[in-house]
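Enquirer: Model the following, please.
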Amino acid sequence: MGTEKRERQKAARQQRVEAARAAQRRAEARRRIILIAAIAGFAALVAVVFTLVSREGDGDTAAGPSTSAPVESAAGKPCVALSEPLPAGAPEVPVPEGPPPTELVTEDLVVGDGEEAVAGATVTVNYIGVSCSTGVIFDDSYSRSEPATFALDQVIAGWAEGIPGMKVGGRRLLVIPPDRAYGDRGSPPDIAPGETLVFVVELVDVTPPGETTTTTAATPVSVPPAPGAGASLSGPTPCPATDGSSARTTTFAGPPPTCIDPTKRYTATFDTTAGTITVDLDAAAMPSTVNNFVVLARYHYYDGTAIFRTDPSIDIVQGGSPTTNSASDPGPGYTIPDEGGPFTYTEGQLVMARTSEPNSSGAQFFLTGGPKVSALDAQGTYLVFGRITAGLDVVQRILASHVADPTSGLGGAPNPPVVVNRVTITES
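Expert: Next comes the predicted model:
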């Protein structure tokens, strides 16, 4: 009987998906008539948006941090089954295989019997999110062993519309089309442009609108405003002044020349709002990577930037994005060649972020604060170029202040926010 019930539920779910697709096809047919007359007027706007999107991507992958690389659109790609093991304790994710629905699809997998969530409420949930076109898990609360708490007026539209009506103890499937998620821009590279998202959400607690929540679970936080772009260099990059007097510069025509002496010792001091972190840079083993970091720091590239990501599941804190304070920062205008490796990861390292593509590091970095970072050993591609000699406790405090944010695509950020006031380089 259990098998028959599951089959009926599966058939009913598929019927709802197909009905949503049919309704959308009819709506699209009507819209095409209108769009034909308007398309010329939108051409310029589309070109601008395409340019903006193509500049993004100095960001982070689902498995770990990364930097700039173009991300292919997922728009219209068929949904595929989950392609990796579920985290411990996570429920099954019934991804609807085939053409992605273009209307929000919700289905109660388990009906709760507690308080009902309403629009504008604050909810505490466990969740798992899967990219429809790849079957890859881009975020979940189970790996962090804690639920997330957030207001329904602070999340993507698919959540704001799909959670109300759930009752505590319930579990709901959400299939969210891109226009109710991250749209044509996505949240690269974890969430591709045009990606349909599949969530399974378990409702743990509800606080009605207007009431103060007493839960100690994580809540979304805002990353501080980015310092914004500095000067741009259109020609060859001169070596910056060693005394820190060079003007703040954030855009370069290409990688810098060799400005360090690999036989000397270089130390980077991170002056942050959470405390000071001192790193001994490994110029002997990683001269090109250290040279790049030293040049950017002496051009004040990192000054005023945020630690925009914390990820306790792999014990890292990530920063280095002056334009956006996010993983989608356009970066310095170039990438650097891979150097050394494969690498292994332990607490107390300074590491360059990158995408899964070779030679894709640019400016973003992460600091390792605990043993869970060894999960990245299977990749071994993130360039380790420094060792923390003082301030590991600062990194660990930042990690401990992690706040989960299911809407970020990156897991979350520190609360209170942490800003890198300045990175100072000393040579000896």
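
Enquirer: Tell me where the stretch 1-150 of the chain has helices.
Expert: In the stretch 1-150 of the chain, the segments counted as helices under DSSP state H, counting those that start in this stretch are 2-55.

Enquirer: Work out the gap between stretch 130-144 and the centre of the chain.
Expert: How far stretch 130-144 lies from its chain's middle: 12 Å, per C-alpha atoms, centre = their mean, to the nearest Å.

Enquirer: Show the average pLDDT along that stretch.
Expert: Averaged over stretch 130-144, pLDDT sits at 88.

Enquirer: Ok, stretch 168-185 next?
Expert: Average pLDDT, stretch 168-185: 90.

Enquirer: and what of stretch 339-357?
Expert: The average pLDDT within stretch 339-357 is 93.

Enquirer: Identify each buried residue in it, please.
Expert: 339, 343, 345, 347-355 (16 or more other C-beta atoms under 10 Å). Heads up, the C-betas are built off the backbone N, CA and C, glycines and all.

Enquirer: So the protein: which segments form each domain?
Expert: 77-215, 231-427 (automatic domain parsing).

Enquirer: a strand runs through Asn161, doesn't it?
Expert: In this structure residue 161 is Glu, not Asn. No: according to DSSP: H, G, I helix; E, B strand; the rest coil, Glu161 belongs to no strand; its state is helix.

Enquirer: wouldn't it be in contact with Leu104 here?
Expert: Yes: counting by C-beta atoms under 8 Å, Glu161 touches Leu104, with 6.0 Å between them.

Enquirer: Identify the contacts common to those two.
Expert: By C-beta atoms under 8 Å, 6 or more residues apart in numbering, Glu161 and Leu104 have these common neighbours: Arg180.

Enquirer: which element is the closest residue to Ala297 other than its chain neighbours on?
Expert: Leaving aside its chain neighbours, Ala297 sits nearest to Val423 (4.2 Å; criterion: C-beta to C-beta, 6 or more residues apart in numbering). Here Val423 sits within strand 419-427, counting by DSSP states H and E.

Enquirer: which residues are in contact with that strand?
Expert: Contacting residues not belonging to strand 419-427 are listed as 224, 242, 244, 260-261, 264-273, 294, 297-298, 300, 302-307, 319 [C-beta under 8 Å, 6+ apart].

Enquirer: Mark which of the buried residues of stretch 339-357 are part of strands, please.
Expert: Among those, the residues falling in strands (DSSP state E) are 349-352.

Enquirer: Which positions in the strand holding Val423 come out as buried?
Expert: For strand 419-427, burial by neighbour count (16+ other C-beta under 10 Å) applies to 419-420, 422-425.

Enquirer: And for stretch 234-252?
Expert: 237, 239-240, 246, 249-252.

Enquirer: and it, what's its mean pLDDT?
Expert: Mean pLDDT, stretch 234-252: 96.

Enquirer: Thr249: what's it in contact with?
Expert: 230-233, 240, 299-301.

Enquirer: which intervals of the stretch 1-150 of the chain have sub-threshold pLDDT?
Expert: The model of the stretch 1-150 of the chain has pLDDT under 70 over residues 1-71.

Enquirer: follow-up on the earlier one: put together CSV for the ones in strands among the buried residues of stretch 339-357, with distance to Pro209 on each row.
Expert: Formatted as CSV, those follow (distance: C-beta to C-beta, whole Å):
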residue, distance to Pro209
Gln349, 44
Leu350, 44
Val351, 42
Met352, 44
